[in-house]
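[1] The sequence isn't on hand, but the structure is:
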């Protein structure tokens, strides 16, 4: 064989090797891009994966395997993480891996810390017992305060000696897995302090309330008296006029609060005669503490109560939650009769 022909064979062989290498590289690239952007299989709706402190990429991939993911070998996961700038930068937290999620989408989410945020809502009008019961059931919130009494709870919140009622702002709070009920309570307490201060700063010049604490107490009563936003300033104005005139507030929600956990849905004559600091049918002025968690609407209503001359109110009785207002006791008695008539008609309609 001539040297020239030998050279041609060598060149052809080299070209063949280059073509094979190029083909292999193209195949690997296709496989890699297919892995990076294809939806991961084996995932159930609602599936999540938790990246904990100290977790390396191999540990995260192992957790994905446990969740049912089979796509990609560790080398492909490493390559993708390096390409995305996620290598060594996976942030701690809980991540959604819903069906349809691709490896690229997941690693970008982990790089940027797009963790799942859960919700806990403090409902307007809840008392501290209801709030603590709801926190105890909230998942996946970690329970830290379950064995604390109210005094110890307020100390843990950072407000030692403060009565807990009314001190947590009704709102929806976002949290991540690993957060505790104490984390939520601290945020809700700070939010109430801020809301109460804002309401106090914008109060009317002739406001009868002397301190922010008094404002919180009256706002809690208004919150329990009506769920209709447009009525809050009216009821706040009515109670403010009663306080200015030295009239007793005579409001059922304070009586119910004084009864406590034994309240069965009925207020009896004996309850109205009970000698306790929350029986506003007997005591003058405001009760010693709030009776519930007032929302911002109730705080604003008490800060700027509506003008008027009404001193009495009673429910309409038709199930709407609305109230009838009266200037005199005689007008109020007529409204009470209207309430009883509407209530009986509504009950009769239900019975049918």
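    Cool, got the structure. Quick caveat: nothing in here was measured; it's all calculated off a predicted structure.
[2] can you pull out the helices in the stretch 1-150 of the chain?
    Ranges of helices in the stretch 1-150 of the chain, per DSSP state H, counting those that start in this stretch, are 3-37, 57-66, 74-84, 103-112, 128-137, 150-157.
[3] which of the ones you listed has the lowest average pLDDT?
    When the helices of the stretch 1-150 of the chain are compared on average pLDDT, helix 3-37 comes out lowest at a mean of 56.
[4] What ranges does the stretch 151-300 of the chain have for its strands?
    172-175 (DSSP state E, counting those that start in this stretch).
[5] And the helices in it?
    Taking DSSP H, counting those that start in this stretch as the test, the helices found in the stretch 151-300 of the chain are 181-201, 212-225, 232-245, 252-259, 269-272, 296-303.
[6] Least confident of these, on average?
    Sorting the helices of the stretch 151-300 of the chain by mean pLDDT places helix 269-272 lowest, at a mean of 93.
[7] Using the three-state scheme, assign residue 313.
    strand (DSSP: H, G, I helix; E, B strand; the rest coil).
[8] okay, now it: neighbour count?
    19 (other C-beta atoms under 10 Å). Glycine gets a C-beta too; all of them are placed from N, C-alpha and C.
[9] Next one: it from residue 324, what distance?
    6 Å (C-beta to C-beta, to the nearest Å).
[10] what's the first-to-last distance across stretch 165-183?
    18 Å (C-alpha to C-alpha, to the nearest Å).
[11] Who's the closest spatial neighbour of residue 176, skipping the chain neighbours?
    residue 115 (5.1 Å; C-beta to C-beta, 6 or more residues apart in numbering).
[12] For the one you found, grab the count of nearby residues.
    Neighbour tally, residue 115, other C-beta under 10 Å: 20.
[13] Over to the one 10 residues further on?
    For residue 125, the neighbour count with other C-beta under 10 Å is 20.
[14] what does the one 10 residues further on give?
    Taking other C-beta under 10 Å as the neighbour definition, residue 135 ends up with a count of 20.
[15] wait, it sits on residue 183?
    No: under the criterion of C-beta atoms under 8 Å, residue 135 makes no contact with residue 183, lying 10.7 Å away.
[16] and the residue nearest to residue 176, what does it touch?
    In this structure, residue 115 makes contact with 91, 93, 94, 95, 176, 177, judged by C-beta atoms under 8 Å, 6 or more residues apart in numbering.
[17] Which residue, neighbours along the chain excluded, lies closest to residue 76?
    Counting by C-beta to C-beta, 6+ apart, the residue nearest residue 76 is residue 35, at 5.1 Å.
[18] swap in residue 121?
    Nearest to residue 121 is residue 172, by C-beta to C-beta, 6+ apart, at 4.5 Å.
[19] tell me the contacts of that neighbour?
    119, 120, 121, 122.
[20] Could you do residue 118 as well?
    140, 141, 174, 175, 176, 177.
[21] hmm, 7 Å instead?
    By C-beta atoms under 7 Å, 6 or more residues apart in numbering, residue 118 lies in contact with 140, 175, 176.
[22] quick one: which of these is nearest residue 52?
    Looking at those and their distance to residue 52, the nearest is residue 176, at 12.5 Å (C-beta to C-beta).
[23] list the contacts for the closest one?
    So residue 176 contacts 93, 94, 115, 116, 117, 118 (C-beta under 7 Å, 6+ apart).
[24] any idea how far residue 185 is from it?
    From residue 176 across to residue 185, the span is 16 Å (C-beta to C-beta).
[25] Equivalent analysis for residue 277, please.
    In terms of C-beta to C-beta, residue 277 sits 25 Å off from residue 185.
[26] Check residue 37 too.
    43 Å.
[27] Same drill for those two, tell me which one is more crowded.
    Neighbour totals were compared for residue 37 and residue 185, and residue 185 leads with 25 against 12 (other C-beta under 10 Å).
[28] Give me the nearest residue to the more buried one, chain neighbours excluded.
    Using C-beta to C-beta, 6+ apart and skipping residues adjacent in sequence, the residue nearest residue 185 is residue 157, 5.4 Å away.
[29] what residues are up against that neighbour?
    Neighbouring residues of residue 157 by C-beta under 7 Å, 6+ apart: 185, 186, 189.
[30] Now the last one. Nearest residue, chain neighbours left out?
    When you say that, I think you mean residue 189. Spatial nearest neighbour of residue 189, chain neighbours left out: residue 157 (5.1 Å); criterion: C-beta to C-beta, 6+ apart.
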